[in-house]
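Novice: fold the following and give me the result.
(one chain, ligands or ions: 3)
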Amino acid sequence: MAPEGASLPIIDISSYVNPKASPESRQETAAALNRACIDYGFFYLTGHGIPESRLEQVISLARQFFALPLPEKNKIKRYDAGGPEGGDGARGYQGMGENVTQGRQDHHEAIDLYREWDMQKDDTKTPGTNKTLQGPNLWPEQPAELKPVYLEYIDQLQQVGKALVHAMGAALDLGPEAAEGTATREVEDEKVFVRNTDNSFWVMRLIGYPKLSHPAALDAAADELSCGEHTDYGCVTLLLADPTPGALQVLLKDGTTWLNADPIPGAFVVNIGDMIERWTNGLWRSTRHRVIHRGNGYRVSVPFFFEPNFDAVVKPLGKCVEKTGGEPVHEGNTYGEHLLGKVFSNFYG
Ligand SMILES: N=C(N)NCCCC[C@H](N)C(=O)O
Ligand SMILES: O=C(O)CCC(=O)C(=O)O
Ligand SMILES: [Fe+2]
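Specialist: Ligands and ions are numbered 1, 2, ... in the order given. Got it, this is the predicted structure:
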């Protein structure tokens, strides 16, 4: 475990949420963000403007859903949408143990929501496979306020996601061209995150974690996990969790130390996803994390994944390739292809 008192940096994003903020305050935010992304790939986000009362309501509604009897929850069980092997659709309720990470069953249940699929779009680019993500979201009937409250919350989160990727674009390049807005490659780079997320194929998970029943194993590799070690797939994850401490753990840069990312009231825990790592050619890393909930009570979390557009082609930015020694880490493909590869290995059976 990490040294006593160690904790993730705190980034105040208000200068990018407020359209009238000064260039100086934005540069300060961008510089702090750059450090946080290099050193941790994880940070707390404040100044986002979503009231704490809304955050509490979101957690409380998810908790009410998970407390329902199983047959009620199964009314929105993810349906068979015909994946590659006739597999299940990704939208809807998944029971305990249905999600798999690194080949092992996780100890959580969840509802997965995605941006509504655009059926008008030409789907021939990734034939067949897209079915898993098609169809409407499955919303629970109970609690009745869940759907309207979440729809509003998702709108609010998309605004925060936009402000954040804008700041991240600026954080990658603080040169004079960026400030003046002249059309150099640097300025183009700054806009890459904004342009490729303007139709973000976002994901939201409502997750319920019962306390793990087995004692910690002597060999950590044999431990039961609430959610196994992984990276997130896209741009930035805005995680809202109930106050339970000691559950979410973040792997530090040394590759061996795990740091607890305990919640701070009113703040999101934010982390970088795989697509930002690829764009920055590894300058900012998609940090590994896991959940081990042995504390008290039933833990609830609601991560929102602000992702690139489904058909955004993601490849390392020239400037970042230069900064990191000249070799691109990936030849590039679409975010949709990356996502589908992940989703297909995420379910048991
Ligand atoms: N949409 C996102 N990012 N979901 C993250 C889920 C991480 C666990 C998943 N079973 C995995 O192995 O990736
Ligand atoms: O519940 C948490 O704290 C994190 C969940 C997570 O990492 C994920 O769903 O990707
Ligand atoms: Fe995650």
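Novice: what mean pLDDT does stretch 22-42 have?
Specialist: This predicted structure assigns stretch 22-42 an average pLDDT of 96.
Novice: just the buried residues of that stretch, please?
Specialist: Residues of stretch 22-42 classed as buried: 26-27, 29-30, 32-34, 36-37, 40-42 (neighbour count, 16 or more other C-beta atoms under 10 Å). Using the backbone N, CA and C atoms, a C-beta is placed for each residue, glycine as well.
Novice: all strands for the stretch 201-349 of the chain, in order.
Specialist: With DSSP state E, counting those that start in this stretch, the ranges of strands along the stretch 201-349 of the chain come out as 203-209, 227-230, 236-241, 248-251, 258-260, 268-272, 289-291, 299-306, 313-314, 333-334.
Novice: and S14, which of those strands is closest to it?
Specialist: Comparing the strands of the stretch 201-349 of the chain by their distance to S14 (C-beta to C-beta), the top pick is strand 268-272, with 13.3 Å.
Novice: which residues belonging to that closest one are considered buried?
Specialist: 268-272.
Novice: and for stretch 307-327?
Specialist: Taking 16+ other C-beta under 10 Å as the neighbour-count basis, stretch 307-327 is seen to contain the buried residues 307-312, 314, 316-317, 319-321.
Novice: and that stretch, how far out from the chain middle?
Specialist: For stretch 307-327, the distance between its averaged C-alpha position and the chain's averaged C-alpha position is 19 Å (C-alpha atoms, centre = their mean, to the nearest Å).
Novice: endpoints of it, how far apart?
Specialist: With C-alpha to C-alpha, to the nearest Å as the measure, stretch 307-327 spans 25 Å from end to end.
Novice: tell me which parts of this structure are close to ligand 1?
Specialist: When proximity is defined as C-beta under 6 Å from any ligand atom, the chain approaches ligand 1 at 99-101, 203, 227, 230, 232-233, 305, 342, 346.
Novice: and of those residues, the nearest to P245?
Specialist: C227 (16.3 Å).
Novice: ok, the closest one touching H108?
Specialist: Yes: C227 is within contact range of H108, at 6.0 Å (criterion: C-beta atoms under 8 Å).
Novice: mind listing the shared neighbours of those two?
Specialist: Residues within reach of C227 and of H108 at once, by C-beta atoms under 8 Å, 6 or more residues apart in numbering, are 99, 207, 209, 291.
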